[in-house]
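model this:
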Amino acid sequence: MAFTSSKYFSWFIFALGTLSALFFAVYTDHRWEDWYITFRASKNLSEGLGFTFNMNERVHSFTSPIGTLVPALLNFITHDDEAVIWSFRVINMLLIGLVVKLVFDLFTDNIKAAFLPALLVSLALVFDEKSIDYSINGMETAFMLLGIVLLIRELFISVKPNPLRLGLIFAFLMWSRPDAFIHIGSLLLGYLLFKNRSWEYFKGFFQGGLIGILFYLPWILFAWWYYGNPVPNTILAKGFTLTAESIINRTLHYFQSVFMGLVSSEAPFLWIFAPAYYYYDSWPFLLLFVMKVITYVGVFLWVIPKVNANARFLSFAAFLVASYLNIFSPTIYPWYIPAVMVICLISIACAVAQPARNFVNLNRQWLPVGVLSFILAAQLWVYFGGLMQMTAQQDVIENGLRKKIGLWLKDESKSPKETVFLEPLGYIGFYSGLTMYDYPGLCNTVVINARKKLKTESYVQLINYIEPNWVVFRPWDLGHATPEEQKVFAQKYDLAKTFSQKDSVEKLKVYGRNYLAYDSEFLVYKKK
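This next block holds a predicted model:
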């Protein structure tokens with residue numbers, strides 16, 4: 001049986017994707033900081049304590065509804081923190097396997113690409129470090145990837161639009177991340193511009209959108225009733241400083257950086273394939289240059305008229321989503337990226353692999369095989385580098401530092417009502433069990449209201465105003481304050497304990513070590 005018609009090999013690809021995620025999870029045991037932000041709300045819900053982070057305030061402290069409700073259900077069943085994270089990981093591992101299988105099937109069955117290019121693009125996804133890591137470390141990444149791939153597949157296989165299927169996919173994406181309408185709209189607009197501009201498709205997309213809203217409406221109504229606002233506090237807090245003027249300035253700077261990125265070491269699209277937090281300058285320049293070339297090709301294929309329509313509409317969608325993140329997101333967090341990466345990857349693969357239909361005729365395959373092998377090699381480099389980095393991150397920073405701070409605060413505090421001001425909310429908040437006043441205000445409105453009233457982003461000024469019982473600082477945070485703010489702070493707080501892993505981090509020989517160094521020391525202050 002030919003490989004291209006074999007369904008058995010498709011399931012082998014599924015197994016590869018699942019095993020890649022399993023290997024990463026077992027080797028690193030990486031648990032992301034935001035997992036513990038989400039899980040504290042999930043745990044409180046499942047134990048009847050309210051669907052929120054702090055007990056005394058209803059705040060929408062998470063972003064993904066499905067990424068919070070599923071762990072709540074798992075905790076309700078198991079009542080065990082370890083069982084929850086590992087069962088959630090298993091779900092995400094299977095989703096990753098399904099995503100990879102769907103991509104392989106898309107190229108063999110629908111695009112009619114040759115076997116080898118279909119295999120290579122699937123393997124590039126199997127070894128995408130951010131997709132794998134942020135699926136097994138507690139984020140909603142695997143759900144978003146599945147929704148995006150299902151939508152792309154639907155746009156490829158449908159002779160005419162199916163509003164019901166589209167609507168269900170739209171709703172699934174919105175339940176995965178509330179800003180998924182950007183991804184949905186980008187893909188549909190790209191399809192209408194470059195693939196099919198008929199009224200039938202426009203009408204079908206509109207009807208699908210109405211169905212999607214209908215299936216997502218229960219969450220909007222619940223959030224509005226329970227929290228008083230359907231927009232997650234995580235989005236409100238991070239976007240607080242965005243004004244009309246700042247958006248215009250960010251937009252102008254973004255388009256300027258698009259051109260400057262061609263001749264500089266930094267580029268606005270580099271992050272799509274680059275390692276997480278690559279900008280801490282501890283990854284090889286050659287790797288980052290390769291990633292920049294790949295991403296610039298991927299997001300600008302749509303401007304080349306002779307490229308096939310499938311590649312162009314996907315490339316245009318990737319460009320729109322990447323532009324949205326560059327302009328509107330204060331920081332492009334790594335778990336946002338795989339949903340853009342998979343669009344970009346499939347676009348590049350369509351551009352080079354779709355014309356190559358004959359597996360035997362290797363003369364026609366040198367381009368797709370060469371390009372996709374090049375991408376796969378870069379992906380493998382990042383995958384194994386990230387494997388080492390995140391293992392060290394978990395051992396040295398998360399377990400060796402932040403978890404210990406949380407447990408120490410729990411022992412030193414007299415009541416769960418004692419308050420803590422800090423930025424790294426997850427581990428410390430979860431393991432301390434105390435009331436958290438985090439910056440920028442993901443789990444509370446106290447900090448957001450103080451930022452509005454004082455019109456400041458200064459940690460020390462906010463602390464002097466709020467007067468929490470405890471403060472957790474990185475060493476340089478106090479130095480960013482004015483002398484007067486430092487004087488007031490010193491009158492109110494004493495240094496209680498220093499937690500440091502600086503020596504351990506300096507001894508590490510891993511890519512991304514500078515990122516670990518950023519969180520290698522914390523100072524804990526106690527109110528006098």
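
What pLDDT does the model give the residue nearest to the spatial centre of the chain?
By Cα atoms, centre = their mean, the chain has its centre lying nearest to residue 335, at 1.1 Å. Note on residue 335: pLDDT of 94.

Domain-wise, how is the protein divided?
Using automatic domain parsing, the domain parsing of the chain gives 3-391, 397-527.

Pick out the shakiest of those domains, pLDDT-wise.
Across these, domain 3-391 gives the lowest mean pLDDT, at a mean of 91.

picking up where we left off before, what sits against the residue nearest to the centre of the chain?
Residues near residue 335 by Cβ atoms under 8 Å, 6 or more residues apart in numbering: 32, 34, 130, 134, 139, 140, 141. Where C-beta positions appear, they are placed from N, C-alpha and C, glycine not excepted.

Got phi/psi on residue 49?
Backbone torsions of residue 49, given as degrees, to the nearest 10, read phi -100, psi 0.

nearest spatial neighbour of it, skipping sequence neighbours?
residue 55 (6.4 Å; Cβ to Cβ, 6 or more residues apart in numbering).

On the three-state scheme, the one you found is what?
Put simply, residue 55 is coil when judged by DSSP: H, G, I helix; E, B strand; the rest coil.

And the strands in the chain?
419-422, 435-438, 470-473, 493-500, 521-527 (DSSP state E).

so which of these comes closest to residue 108?
strand 435-438 (47.2 Å; Cβ to Cβ).

partners of the closest one in the sheet?
With DSSP bridges as the test, strand 435-438 is paired with strand 419-422 (parallel).

residues of the partner strand that come out buried?
419, 420, 421, 422 (16 or more other Cβ atoms under 10 Å).

Dump the contacts of residue 335 to a markdown table, plus distance to residue 523 and neighbour count.
Below are those laid out as a markdown table (distance: Cβ to Cβ, whole Å; neighbours: other Cβ atoms under 10 Å):
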| residue | distance to residue 523 | neighbour count |
| --- | --- | --- |
| 32 | 23 | 23 |
| 34 | 23 | 23 |
| 130 | 31 | 24 |
| 134 | 29 | 27 |
| 139 | 28 | 26 |
| 140 | 32 | 26 |
| 141 | 32 | 30 |
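
tell me the two of those residues that are most distant?
It's 34 and 130 that sit farthest apart of the contacts of residue 335, by Cβ to Cβ, at 14.1 Å.

In CSV, list the C-alpha atoms belonging to stretch 113-131.
Extracted in CSV, the C-alpha atoms of stretch 113-131 (Å, rounded to 0.1, in the frame of the first residue of the first chain):
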residue,chain,number,x,y,z
ALA,A,113,1.1,16.7,-1.7
ALA,A,114,3.7,14.0,-2.0
PHE,A,115,4.4,11.8,1.0
LEU,A,116,7.8,13.2,2.0
PRO,A,117,6.8,16.9,2.2
ALA,A,118,3.6,15.9,4.1
LEU,A,119,5.8,14.0,6.6
LEU,A,120,8.3,16.8,7.0
VAL,A,121,5.7,19.5,7.7
SER,A,122,4.1,17.1,10.3
LEU,A,123,7.5,16.5,11.9
ALA,A,124,8.2,20.3,12.0
LEU,A,125,5.0,20.5,14.1
VAL,A,126,5.9,17.4,16.2
PHE,A,127,9.1,19.2,17.3
ASP,A,128,7.8,22.8,17.7
GLU,A,129,9.1,23.5,21.2
LYS,A,130,6.6,26.2,22.2
SER,A,131,3.6,24.1,21.0
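
coming back round to it: figure out which of the strands of the chain is closest to residue 329.
That would be strand 435-438 among these, by Cβ to Cβ, at 18.3 Å.

what's near enough to touch residue 110?
Residue 110 touches 153, 156, 157, counting by Cβ under 8 Å, 6+ apart.

ranges for the helices of the stretch 401-528 of the chain?
403-412, 425-432, 446-454, 459-466, 483-492, 502-506, 513-518 (DSSP state H, counting those that start in this stretch).

Relative to residue 351, which of these is closest?
helix 513-518 (32.9 Å).

Let me know how buried residue 372 is, in neighbour terms.
A total of 25 residues lie near residue 372 under the criterion other Cβ atoms under 10 Å.

Wait, it touches residue 353, no?
Yes. At 7.0 Å, residue 372 and residue 353 qualify as touching, with contact defined as Cβ atoms under 8 Å.

Overlap in contacts, those two.
117, 121.

how about the helices of the stretch 151-300 of the chain, start to end?
163-176, 180-194, 199-227, 233-238, 244-260, 285-300.

Any idea which of these gets closest to residue 85?
Of all the helices of the stretch 151-300 of the chain, helix 163-176 sits nearest to residue 85, with 18.7 Å by Cβ to Cβ.

Just the buried residues of that closest one, please?
Buried positions in helix 163-176, judged by neighbour count with 16+ other Cβ under 10 Å: 163, 165-176.

Using CSV, list the CA coordinates for that helix.
The C-alpha trace of helix 163-176 is given here as CSV (Å, rounded to 0.1, in the frame of the first residue of the first chain):
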residue,chain,number,x,y,z
PRO,A,163,-22.3,27.1,8.8
LEU,A,164,-22.9,24.5,11.6
ARG,A,165,-19.5,23.0,11.4
LEU,A,166,-17.9,26.4,11.1
GLY,A,167,-20.0,27.7,14.0
LEU,A,168,-18.9,24.8,16.3
ILE,A,169,-15.3,25.4,15.4
PHE,A,170,-15.6,29.2,16.1
ALA,A,171,-17.2,28.5,19.5
PHE,A,172,-14.5,25.9,20.4
LEU,A,173,-11.8,28.5,19.6
MET,A,174,-13.6,31.2,21.7
TRP,A,175,-13.9,28.8,24.6
SER,A,176,-10.2,28.2,24.3
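
I'd like the distance from that helix to the chain centre, please.
Centre-to-centre, helix 163-176 and its host chain are 19 Å apart (Cα atoms, centre = their mean, to the nearest Å).

now that helix and helix 180-194, what's the angle there?
For helix 163-176 against helix 180-194, the angle by axes from the mean of the first three to the mean of the last three Cα atoms, to 10 degrees is 140 degrees.

got a list of contacts for helix 163-176?
With Cβ under 8 Å, 6+ apart, helix 163-176 has contacts from 64-67, 140, 143-144, 146-148, 150-151, 154, 158, 180-181, 183-184, 204-205, 207-216, 219.

before we move on, the earlier item: give the buried subset of the contacts of residue 110 as a ChimeraX selection command.
In ChimeraX, a selection of the buried entries from the contacts of residue 110 looks like this (16+ other Cβ under 10 Å):
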select :153,156
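
Give me the number of neighbouring residues for the spatially closest residue to residue 20 that is not a sequence neighbour.
Spatial nearest neighbour of residue 20, chain neighbours left out: residue 126 (4.9 Å); criterion: Cβ to Cβ, 6+ apart. Neighbours of residue 126 under the rule other Cβ under 10 Å: 26.
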